[in-house]
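1. What follows is a predicted structure for the sequence shown.
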Amino acid sequence: MNSPHEAMWQKLGLNLDSHNALLQVLGGAYNDIYLNQKNRPKGMEYFDFVLSEIHGQRIQELLDEQAAGRKIIGSYCVFVPEEICLAGNASLVGLCSGADFAMEEVEKLLPRNTCALIKSTFGFRLGEVCPYLESADMIVGENTCDGKKKAYETLGTILPKKNLYVMDIPQMKSVEGRALLRGEYLRFMKAVEKLTGVTITVESLREGIRTVNTKRAAMHRLLKLRAADPAPISGLDALLANQVFPSDNPARFTDSINKLCDELEKRIEAKEGAFPAKTPRILISGCPMAVPNWKLPAVVESSGAVIVGEESCVGERSTRNQIDDSGTTIDALIDAITDRYFKVDCAVFTPNNDRLQHIKEMVKAYNADGVIHYGLQFCQPYLMESIPVERALEDAEIPCLRVETDYSMEDMGQLKTRVEAFIEQLR
Amino acid sequence: MSSERFAGIDIGSRSIEFVVVDENGVVLCSEQRDTGFDPVREARELVAQHPHDLLMATGYGRSLCEVEFDCPTVTEIKAHAKGAHASISGASAILDIGGQDSKAIALYAGSGKVKKFEMNDRCAAGTGKFLEIMATNLGFPLETFGDAALEAQEEINISSMCTVFAESEVTSLIARGADRKAIARGLHYSVIRRAAGMINRISDNGDIIFTGGVAKNRCMTTLLAEHLQRRVLIPEDPQAIGALGAALLAMESTQG
Ligand code: SF4
Ligand code: SF4
C-alpha cells in the first residue's frame, strides 16, 4: 500500500503508520457515506477528487508554492481573513478536524469535557497525521470560546515550529468591539508582512478581497440553488463543498463551484433532484462540521430528509456578506474587511440576537420545514444558545430539534431515533 | 367478509411487546416477553403465532424487524404518541419509563400528534433498571417495591443520581439502620425528579399519560402527580402502548 506521496509525508514529519490508518478510515467513511448516494451531480467528481487527494496533491501543490517563496498560514476560525493572507503572498488553510485521533494522548493535556473539535486538533498534532498543520509557516489561534482560548496556550507548546500567533476577538458587537477587531486585523497584516517579507499594498489587498469575494459569490450561488424542490444536491454534497472551501486553491475552487451550479440550474429546470420532491427539508444550525465529520448529515439523509442549508461556519456564516473593494487606502480596505467579519454571528458573542434572526431568515429562504440544532458535546457557547434558538423558532412555529453529540459512533442508535422521530413530526 | 388484522411489535432493550388489532383498532391480543439474547428469534415466534395481514415495527430493535420481516418501521416516539392518544385522548404529554430508557413527549391535545420530545437513553438512572437494582438491594420484590415505598412515614433523600453511587449510598444507609421503606420512597423520588425535569422542559400543563413498565408502580404514579400538580393517567396496558401505536399505524397506513 505505497502511496506516491509517502516520501513527502515522511519529510513533513508525519507518522506514516498512524497516517495510513487515518487515511483508511477516511476513505472507508467516504465510500460508505458519499459514494453510496443516489442521483449525485456530475460536478461532484471534482470534490471527490479533491477529497481523495486532500493529503496528497493539494499538499504537494502548497509545498511547491512554498518552495517558490509563498507561505502557508493555518487557521481554526472564520474570523481569520483570507484576504490579508492572499495580499501578503500566503495561502490560508483551515485546520479544524472532524475525527477523534490519539485520544489517550490528548486527554493527558486536555480535560475530558473539552469539545471534540478542540480534542481533534490536539489529536492530529500529537498523532502527527495532519500535513497542513506540519507544513504551515504560521498557525493562527483566536480568542473565541474559552475552550479554544485556553487550549491555544498548550497548543503553542506542542507545535514543532512554535509558530502560533494568537488573534484577539471581541465578545460584543459594540463600537469598542469593532475597534478591537480592526486593530487586530492591522496587527495581523503586519505579522503576515513580517512572515512573508512582502509589503501589502492597496492593490494587493484589493486583489485579495476580490478573489475571496468571487469565491464566496460562487458558493452563495450554490447555496441559493438548494432552495428548489426537489433539492438539486444533497446536503452531504453541499457540506463537502463547504468543507473544501477554506483549503482549496481559490481560483480553481470558484471555477468548480460555478460549473457545478451550471449543472444544478439545468437539473432544477428539469425538476430533477438528489431526493424526490416533497422530501422533508432540514436546516442544520450550530457548531461547524469539519472533514470528516459527516455523522449528523449522514443520519438525516439516510432517514428520509434532505438538508437544504447549514447555519454554521462550515456553511453560510463563512460564505455570506461580501467586502466592499472600492477603498483607495489600506485603512479604508481594512475597514471594509472589518465590516464583513464583524457581522459573523458566532455564539461566542453576547448578546447574539442577529443569529436568531438569521436562522429564521434561512428557514424561509431555503424553504426548510424544520431546524436541527447541532451542538458538540461540551461546547458551551452553542449548547447554551441552543435554548434561545429553540424558543425563537417555537415562537415562529418552526419545528426544532436540539441534538448534542460528538465524533464517536457510540450514540448512533439514539441519534438515529431522535432524528427519525423529528422527521416523522415534519411529515 | 373476513376482517383484517394489524400487528405492532415493539422491540425494546429488555422486553418485546406484540399487539394485534382489527380493522377498527380493537385490540385482539397482546403479548409480552423478554428480549433475551436473540430478539430476532423471539420476534419470529411472536409473528408466527399471531396471524395478521400487516406488521409495523417500533422500538430500539425496529431495524432488525425491517430486515427480518421486510416490514415498515416507526420510531418509538410516534408509536407511543399514537398508542397513548388512542387509549386516553386529550392529554398534553406522555411520560414513558421503560426498562432502560425514558422519554417525555408533548402532544397537540386535539390531534395527538407529536409536538416535542426529550429522551434519556444514555444511562440507567431514571429508568426501570434503576428501580429494579435498588429493590434488590433493599430486599423488596419488584412487584411490591412501590407499595412499600408508599407506606413510608418519611422520605430519605438520595443525593446520587448515578446508579452505581446510589447503590453505595443505599448500602451505607442500611448499615446505619435507616428505615428501608423510607429509603425506598427516597429512591422513587429521585427517579421522579429526573422524569419531572424532562416533562417540564417540553410541557407545562395538562394531563400526563404515564406508560411503560414503571407506570404499574403505584408509588411512581402518586409521586409524579403530587410533584407536578398535574393529573396522571395510566392506560390499561401501559407496557404495550408502543406496540399498540405501531399496530394502529399499520392499520391507518392501509386506510389512506
Ligand atoms: S463557530 Fe465561532 S469560533 Fe468556531 S469557527 Fe465559527 S466563528 Fe470561529
Ligand atoms: S465547538 Fe464550541 S467549544 Fe468547540 S471550539 Fe467551537 S465554539 Fe469552542
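-> Happy to help now that I have it. Numbers count the residues shown, from 1 in each chain, chains lettered A, B, ... in the order given. Ligands and ions are numbered 1, 2, ... in the order given.

2. Buried residues of the longest helix along chain A, list them for me.
-> As assigned by DSSP state H, the longest helix anywhere in chain A is helix A:202-225. Within helix A:202-225, the residues that count as buried by 16 or more other Cβ atoms under 10 Å in any protein chain shown are A:204-206, A:208-209, A:211-216, A:218-223, A:225. C-betas here are computed from N, CA, C, even on glycine.

3. What residues does chain B have near chain A?
-> B:60, B:74-78, B:113-115, B:117, B:119, B:121-122 (Cβ under 8 Å from any Cβ of the partner chain).

4. Closest one to ligand 2 out of those, please.
-> B:Arg122 (20.0 Å; Cβ to the nearest ligand atom).

5. Check the spacing between the closest one and B:Cys162 real quick.
-> Note on B:Arg122: its distance to B:Cys162, by Cβ to Cβ, to the nearest Å, is 12 Å.

6. Mind checking which of those two has more residues around it?
-> Taking other Cβ atoms under 10 Å in any protein chain shown, B:Arg122 and B:Cys162 do not tie; B:Cys162 has more neighbours (13 against 10).

7. For chain A, which residues score under the pLDDT cut-off?
-> A:1 (pLDDT under 70).

8. How about it: which residue is closest to chain B?
-> A:Ala421 (3.7 Å; Cβ to the nearest Cβ).

9. burial of that residue, as a residue count?
-> With other Cβ under 10 Å as criterion, A:Ala421 counts 24.

10. A:Thr199 now?
-> Using other Cβ under 10 Å: A:Thr199 sits among 9 other residues.

11. Quick check, it in contact with A:Val192.
-> No. At 10.4 Å, A:Thr199 does not count as touching A:Val192 under the criterion of Cβ atoms under 8 Å.

12. Centre of the chain to the helix or strand bottoming out on mean pLDDT in chain B, how far?
-> Using mean pLDDT, DSSP states H and E, helix B:163-175 stands out as the lowest-scoring helix or strand of chain B, at a mean of 88. When distances are taken as Cα atoms, centre = their mean, to the nearest Å, helix B:163-175 is centred 26 Å away from the chain's centroid.

13. Could you do stretch A:188-198 as well?
-> 25 Å.

14. what sits up against that stretch?
-> Contact with stretch A:188-198 is made by A:70-71, A:73, A:80-81, A:84-85, A:87-90, A:137-138, A:140, A:165, A:167, A:199-200, A:204, A:330, A:334, as judged by Cβ atoms under 8 Å, 6 or more residues apart in numbering or on different chains.

15. Could you rerun that using 10 Å?
-> Here stretch A:188-198 makes contact (Cβ atoms under 10 Å, 6 or more residues apart in numbering or on different chains) with A:69-73, A:80-81, A:83-90, A:92, A:137-138, A:140, A:142, A:163, A:165, A:167, A:199-200, A:204-205, A:330, A:333-334, A:337.

16. Which among these count as buried?
-> For these, buried by 16+ other Cβ under 10 Å: A:70-73, A:80-81, A:83-90, A:92, A:137-138, A:140, A:142, A:165, A:167, A:200, A:204-205, A:330, A:333-334, A:337.

17. hang on, the earlier thing: ok, of the residues of chain B next to chain A, which one's closest to B:Leu249?
-> B:Val74 (5.5 Å; Cβ to Cβ).

18. now that closest one: how far from A:Asp406?
-> Taken as Cβ to Cβ, the span from B:Val74 to A:Asp406 is 28 Å.

19. ok, these two, which is more surrounded?
-> For B:Val74 versus A:Asp406, neighbours defined as other Cβ under 10 Å are more numerous around B:Val74 (26 against 19).

20. Hmm, the more buried one is touching B:Lys82, no?
-> Yes. Under the criterion of Cβ atoms under 10 Å, B:Val74 makes contact with B:Lys82 at 8.1 Å.

21. tell me, what's touching those two both at once?
-> Common neighbours of B:Val74 and B:Lys82 (Cβ under 10 Å, 6+ apart) are B:8, B:58, B:242, B:245-246, B:249.

22. Including neighbour count and distance to ligand 1, could those go into CSV?
-> Output for those, formatted as CSV (neighbours: other Cβ atoms under 10 Å in any protein chain shown; distance: Cβ to the nearest ligand atom, whole Å):
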residue, neighbour count, distance to ligand 1
B:Gly8, 33, 43
B:Thr58, 31, 37
B:Gly242, 32, 39
B:Gly245, 30, 40
B:Ala246, 37, 41
B:Leu249, 23, 40
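
23. which pair in these spans the largest distance?
-> B:Gly242 and B:Leu249 (10.7 Å).

24. Which two among the residues of chain B next to chain A are spaced furthest apart?
-> B:Lys113 and B:Arg122 (26.6 Å).

25. Once you drop chain neighbours, what's closest to residue 244?
-> With no chain named, the answer covers chain A. A:Val50 (5.4 Å; Cβ to Cβ, 6 or more residues apart in numbering or on different chains).

26. Actually, chain B is the one I wanted.
-> In space, B:Leu244 is closest to B:Gly83, 3.9 Å off (Cβ to Cβ, 6+ apart).

27. Next secondary structure after the helix or strand where that neighbour lies?
-> Element membership for B:Gly83, per DSSP states H and E: helix B:76-87. Tracing the chain C-terminally past helix B:76-87 and defining elements by DSSP H and E, one meets strand B:93-97 next.

28. Report the secondary structure state of B:Leu55.
-> strand (DSSP: H, G, I helix; E, B strand; the rest coil).
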